[in-house]
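S.K.: Give me the fold of what follows.
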Amino acid sequence: MATTSAEYIQHHLQNLTFGKLPAGYQRADGSIVEEATWTLARTSSEAADMGFMAVHVDTLGWSIFMGLIFLGLFRFVAKRATVDTPSGLQNFVEIVVEFVQGIVKDTFHGRNPLIAPLALTIFVWIFLMNSLKWIPVDYIPGIGMALGLDYFKIVPTTDPNATFGMSIAVFALIIYYSIKIKGVGGFTRELTLTPFNHWALIPFNLFLEVLGLLTKPLSLALRLFGNMYAGEVVFILIALLPFYVQWVLNVPWAIFHILVIPLQAFIFMVLTVVYLSAAHEDNH
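M.R.: Purely as a prediction, here's the structure:
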């Protein structure tokens, strides 16, 4: 249990981590791990010592749960859709679909039936994950503590593992469609003969193009993570203040996030569509 402000902040920013501790490892309670064991980390140092293969259970669980809500909600509306007397939920879903469809039509200049569903999935899924930030910061960790879980973060997009996972998936699609549409030769020419179409400048062109290519997943992941993480830290700092001060600051900050939460989902979606549109352009 956190006894100081620093411990409180560290506790709320630590993920519930499942990983492997090596044989002979001394745990926080002084016990020794006799043989290599997969277990939940009890402290942040244990989580760090679990290494690369450790899994953030809370991030994985909440992101899957939000994805299932998205699929279930849209499936529910689609199966009950009607032209005569549409429900309010159906109208809302149609507004979201038409909004995303309009963005894709204006931004994506190729032909690919995957792009619009992908854009819709990204926008709604990230919005739902971001929206968990509106839940007061002590509620879910408090429930987790009552269930015997030392740590339990709720907002998946405050974890770089989640944002980088999504951006790497987008990056894989960029590479795939660049090769599929332009061919290996066309994609190679794009990397080596752009922006300067001369063989002597191939190393310089390759450096610029590869650098530009790699910044795409980096910018997607870090922009979303940075904005959500910073907002989470502010909510945690406000929670440290006296109760009568919290409402004065917490309510305006939560209202501000009514803009930030959908905006970050929108930016991630638009940049994904823009990057994939560029991957479909064959200039040779």
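S.K.: can you give me the helices for the stretch 101-250 of the chain?
M.R.: 115-131, 139-146, 160-192, 202-239, 243-279 (DSSP state H, counting those that start in this stretch).
S.K.: what residue ranges in the stretch 1-150 of the chain score low on pLDDT?
M.R.: Counting by pLDDT under 70, the stretch 1-150 of the chain contains low-confidence residues at 1-3.
S.K.: what about 90?
M.R.: Within the stretch 1-150 of the chain, the segments meeting pLDDT under 90 span 1-13, 23-24, 26-31, 33-34, 42-45, 48, 51-52, 81-87, 109-111, 133-150.
S.K.: need the strands for it, in chain order.
M.R.: Assigned by DSSP state E, counting those that start in this stretch, the stretch 1-150 of the chain shows strands spanning 17-21, 37-40, 55-56.
S.K.: So which of the ones you listed is nearest Ala81?
M.R.: strand 55-56 (36.8 Å; C-beta to C-beta). Bear in mind the C-beta positions are built from the backbone N, C-alpha and C, glycine included.
S.K.: neighbouring contacts of that closest one?
M.R.: By C-beta atoms under 8 Å, 6 or more residues apart in numbering, the surrounding residues in contact with strand 55-56 are 15-19, 153, 159, 161.
S.K.: Okay, the residue nearest the centre of the chain and Met228: tell me how far apart.
M.R.: Taking C-alpha atoms, centre = their mean, the centroid of the chain lies closest to Thr163, which sits 3.2 Å from it. Going from Thr163 to Met228 by C-beta to C-beta, to the nearest Å gives 8 Å.
S.K.: got any residues that touch both of these two?
M.R.: Contact criterion C-beta under 8 Å, 6+ apart; residues shared by Thr163 and Met228: Thr157.
S.K.: quick one on the thing from earlier: any idea which of the strands of the stretch 1-150 of the chain gets closest to Val248?
M.R.: Smallest distance to Val248 across the strands of the stretch 1-150 of the chain (C-beta to C-beta): 33.2 Å, for strand 55-56.
S.K.: Paired strands for the closest one, with orientation please.
M.R.: Sheet partners assigned to strand 55-56 using DSSP bridges are listed as strand 17-21 (antiparallel).
S.K.: The residue nearest to the centre of the chain touches Ser219, doesn't it?
M.R.: No: here Thr163 does not reach Ser219: they are 10.8 Å apart, not a contact under C-beta atoms under 8 Å.
S.K.: what about the nearest residue to Pro136 once chain neighbours are set aside, how many residues close to it?
M.R.: Once flanking residues are discounted, Pro136 sits nearest to Ala239: 7.6 Å by C-beta to C-beta, 6 or more residues apart in numbering. Number of residues near Ala239 (other C-beta atoms under 10 Å) recorded here: 17.
S.K.: residues contacting Ala239?
M.R.: Contacts for Ala239 (C-beta under 8 Å, 6+ apart) come out as 136-138, 246, 250.
S.K.: so which of those residues is the most crowded?
M.R.: Among the contacts of Ala239, the one with the most neighbours (other C-beta under 10 Å) is Val137, at 22 neighbours.
S.K.: Now do that residue against Ala41, distance only.
M.R.: Using C-beta to C-beta, Val137 is found at 20 Å from Ala41.
S.K.: do Val33 as well
M.R.: From Val33 over to Ala41 (counting by C-beta to C-beta), the distance is 12 Å.
S.K.: which of those two has more neighbours?
M.R.: Shown here are Val33 and Ala41; by other C-beta under 10 Å, Ala41 has more neighbours (24 against 15).
S.K.: right, and the more buried one touches Arg27 too?
M.R.: No: using C-beta under 8 Å, Ala41 is not in contact with Arg27, being 9.3 Å away.
S.K.: what is in contact with the two at once?
M.R.: When contacts are counted by C-beta under 8 Å, 6+ apart, the set common to Ala41 and Arg27 is empty.
S.K.: beta partners for Val55?
M.R.: When assigned by DSSP bridges, Val55 has beta-bridge partners Phe18.
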